[in-house]
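A.B. asks: Show me the folded form of this:
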Amino acid sequence: MPILLASIAAAVLTSIISFSQAGRWALQDVKQRSECMEKALRHTTFPLSTSVLATIAELTSTEIVVIDQKLQMVTSTLVLQAADKRSAMETFASALKSPGKSGQLSLSLGSKNYLVFTFQRRGDGVSNDLGNQVIALFDKNLIAATAQRAAIFPLATGLITIAFLTTLTMVASSRLVQRLIQLKRSVERVADGDFETRVHEPALDEVGQLGKAVNQMAEQLGQLWQEVNRQQSEKLLHQIAAGFAHQLRNTLTGSRMAMELHRNRIEKSDHEEIDVAIRQLEIAEQYVRRLLLIGAGRQDQLQAGSLHRCLHDVYATHLAIANHHRVGLKLTADESLLPYNILDVASFCAAISNLVLNALQVAKEVTIHANIESNDKCRVTVADNGPGVDSVIANRIFEPFVSTKSEGVGLGLPLVLRAATQLGGDITWSRVGDRTVFEFTCLVQRNLSNG
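C.D. replies: You can find the predicted model right below:
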């Protein structure tokens, strides 16, 4: 509507200006025609008969009156009634007495209005009796018609332009409104929590850029929502860990003390398995202490240890479980690992134990392979021939509380990821043939005392 109103106002204003200018041009044209008539007739000596005046009047679209020195009408193309003749002669007399007013006086005869122009014939052979005063009358209606014709064209052009702009604007506005409605619906879906929604706007105009901004907003909100959920999950995990650790700590301490007393009472040859059990109880106590610190908002100091020993402790701990479930468990960790220490024993053992335990629950063959990739990085691979990760959670297995096990709570793999991050590494998984492979990487340090 603003564009339409502005277009109409512009068209009307243009027509008014055109009409006004056309009126001035028409008056100038009349003056030029009068001057041309004066130049043509001023020095002529032939008499201006009725037939001559009729021809000149037809050629110039005027009415001509010839008056002598006594202000008597000699010849005229006008047919004047007695009442009109007196009024006309008075106007002619006034125009002749004031030559400077030529073209400024008007004469009304019936339904017609005329502009009055006067000039004098000066030829030597012109007789005063034949008339030497010429009066040219130009019809004002013809002048106005000329001005109107000059104004019609811009007015018609404006109206056509308005009609075209209106049609174009309505079509463009309709398309724009539909796009804005789609954009509004997409924003409403994002506001309702559907951060996967996307606005399909291939155009590069302002609406298209706005659609891209909405897509970026939805993506960022989705990431923020995931981060909030992760933080809430970690907070809940800390609370659960703190409560669980208080109950578990006393039990573990009592179990370790009982194992140590039992070891002192039996023969030394039977100490190996008991030593492994005591070692695992000590590691479990470290886990519990860390859980208590996490619940209190603090973090324990990292405790480095032998990479080779950690792997063999994990293997020895889970070998009994593997034998019980009749699962083949194999460790490949040669003496090349001996010179290296892991940055934090508890985190490393917890991570590898989670991977091995998960594999033992679903497979018949599980292999653990460790190697040094460079002087500061170790790679541990846990592979099994189980059915693999459920496709439903394949992209979210490292998120807290994501699990397809009826008895699982989805905390094992998130702890593995946390341990890998803490140790300067990463955890990935893949399906290679009929085997599921988890690759755990972490930083290591060379133990100079071992060469």
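A.B. asks: residues touching Val214, list them.
C.D. replies: 183, 186-187, 190, 199 (Cβ atoms under 8 Å, 6 or more residues apart in numbering). All C-beta atoms are positioned from the backbone trio N, CA, C, and that covers glycine.
A.B. asks: element containing it?
C.D. replies: Secondary structure from DSSP states H and E places Val214 in helix 206-265.
A.B. asks: returning to that earlier point: just the buried ones among the contacts of Val214, please.
C.D. replies: 183, 186-187, 190, 199 (16 or more other Cβ atoms under 10 Å).
A.B. asks: Greatest separation within the residues you listed: which pair is it?
C.D. replies: Maximum pairwise distance in these, criterion Cβ to Cβ, is 10.7 Å, between Leu183 and Val190.
A.B. asks: State the distance from Ile393 to Asp192.
C.D. replies: 25 Å (Cβ to Cβ, to the nearest Å).
A.B. asks: of the two, who's got more company?
C.D. replies: Comparing Ile393 with Asp192 by other Cβ atoms under 10 Å, the one with more neighbours is Ile393, at 15 against 9.
A.B. asks: where do the helices sit along the stretch 251-400 of the chain?
C.D. replies: 271-295, 307-324, 345-362 (DSSP state H, counting those that start in this stretch).
A.B. asks: and Glu58, which of the three is it?
C.D. replies: helix (DSSP: H, G, I helix; E, B strand; the rest coil).
A.B. asks: where does it land on pLDDT?
C.D. replies: You'll see Glu58 listed with a pLDDT of 85.
A.B. asks: likewise Ser406?
C.D. replies: 64.
A.B. asks: now Asn132
C.D. replies: 74.
A.B. asks: Grab the nearest non-local neighbour of it.
C.D. replies: Closest residue in space to Asn132, ignoring its immediate chain neighbours: Arg121 at 4.4 Å, by Cβ to Cβ, 6 or more residues apart in numbering.
A.B. asks: Contact partners for the one you found?
C.D. replies: 41-44, 131-134.
A.B. asks: Just the ones of the contacts of Val214 in helices?
C.D. replies: The members of the contacts of Val214 that map onto helices under DSSP state H are 183, 186-187, 190.
A.B. asks: So which of those is the closest to Val228?
C.D. replies: Using Cβ to Cβ, the ones in helices among the contacts of Val214 come closest to Val228 at Val190, 15.7 Å.
A.B. asks: Leu221 is in contact with that closest one, correct?
C.D. replies: Yes: with contact defined as Cβ atoms under 8 Å, Val190 counts as touching Leu221 (6.7 Å).
A.B. asks: Overlap in contacts, these two.
C.D. replies: In contact with both Val190 and Leu221: no residue, using Cβ under 8 Å, 6+ apart.
A.B. asks: Which of the contacts of Val214 sits closest to Ala172?
C.D. replies: Leu183 (16.1 Å).
A.B. asks: contacting residues around that closest one?
C.D. replies: With Cβ under 8 Å, 6+ apart, Leu183 has these contacts: 199, 201, 207, 210-211, 214.
A.B. asks: If we use 10 Å, what do you get?
C.D. replies: 199, 201, 207-208, 210-211, 214 (Cβ atoms under 10 Å, 6 or more residues apart in numbering).
A.B. asks: Now tabulate these in TSV and tack on distance to Pro2 and pLDDT.
C.D. replies: Listed next are those as TSV, based on distance: Cβ to Cβ, whole Å; pLDDT from 0 to 100:
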residue	distance to Pro2	pLDDT
Val199	28	79
Glu201	26	73
Val207	19	82
Gly208	24	82
Leu210	22	86
Gly211	25	83
Val214	27	84
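A.B. asks: Adding distance to Leu80 as columns, could you present these in CSV?
C.D. replies: Listed next are those as CSV, based on distance: Cβ to Cβ, whole Å:
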residue, distance to Leu80
Val199, 83
Glu201, 79
Val207, 74
Gly208, 77
Leu210, 77
Gly211, 80
Val214, 83
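A.B. asks: out of these, which are buried?
C.D. replies: For those, buried by 16+ other Cβ under 10 Å: 199, 201, 207-208, 210-211, 214.
A.B. asks: Of all the helices and strands in the protein, which has the lowest average confidence?
C.D. replies: Least confident helix or strand of the chain, by mean pLDDT, DSSP states H and E, is helix 271-295 with a mean of 63.
A.B. asks: Contacts for stretch 24-35 next, please.
C.D. replies: Contacts for stretch 24-35 (Cβ under 10 Å, 6+ apart): 60-62, 102-103, 115-119, 134, 136, 138-140, 142-150.
A.B. asks: mind listing which of those residues are in strands?
C.D. replies: Residues of those located in strands (DSSP state E): 115-119, 134, 136, 138-139.
A.B. asks: Need the max-distance pair from the residues you listed.
C.D. replies: Phe119 and Asp139 (18.7 Å).
A.B. asks: who's more crowded, those two?
C.D. replies: Legend: neighbour count by other Cβ under 10 Å for Phe119 and Asp139, higher for Phe119 (20 against 16).
A.B. asks: who touches the more buried one in this structure?
C.D. replies: Applying Cβ under 10 Å, 6+ apart, the residues near Phe119 are 34-35, 37-39, 41-42, 96, 99, 102, 132-136.
A.B. asks: quick one: which of those residues is nearest to Leu343?
C.D. replies: Once Cβ to Cβ is applied, the member of these that ends up nearest Leu343 is Glu35, at 110.5 Å.
A.B. asks: where's that closest one, which helix or strand?
C.D. replies: Per DSSP H and E: helix 2-41 holds Glu35.
A.B. asks: ok and that helix relative to strand 133-139, angle-wise?
C.D. replies: Going by axes from the mean of the first three to the mean of the last three Cα atoms, to 10 degrees, helix 2-41 is angled at 160 degrees with respect to strand 133-139.
A.B. asks: quick one: strands adjacent to the longest strand seen in the chain?
C.D. replies: The strand that spans the most residues within the chain, counting by DSSP E, is strand 435-446. Strand 435-446 has the following strand partners under DSSP bridges: strand 340-342 (antiparallel), strand 377-384 (antiparallel), strand 426-432 (antiparallel).
A.B. asks: so which of the ones you listed gets nearest Ala359?
C.D. replies: Judging the strands paired with strand 435-446 by Cβ to Cβ, what sits closest to Ala359 is strand 377-384, at 3.8 Å.
A.B. asks: and the closest one, how far from the chain's centre?
C.D. replies: Put simply, strand 377-384 sits 45 Å off its chain's centre (Cα atoms, centre = their mean, to the nearest Å).
A.B. asks: next one: stretch 223-235
C.D. replies: On Cα atoms, centre = their mean, the centre of stretch 223-235 falls 28 Å from the chain's centre.
A.B. asks: Go ahead and name everything in contact with it.
C.D. replies: Contacts of stretch 223-235 (Cβ under 10 Å, 6+ apart): 193, 195, 294, 396, 399-402, 410-411, 414, 418.
A.B. asks: in the chain, which ranges drop under the pLDDT threshold?
C.D. replies: Along the chain, the parts satisfying pLDDT under 70 run over 100-101, 122-131, 234, 237-254, 256-257, 259, 262-263, 267-301, 406-409, 448-451.
A.B. asks: which of the residues in stretch 47-57 are buried?
C.D. replies: 48, 52-53, 56-57.
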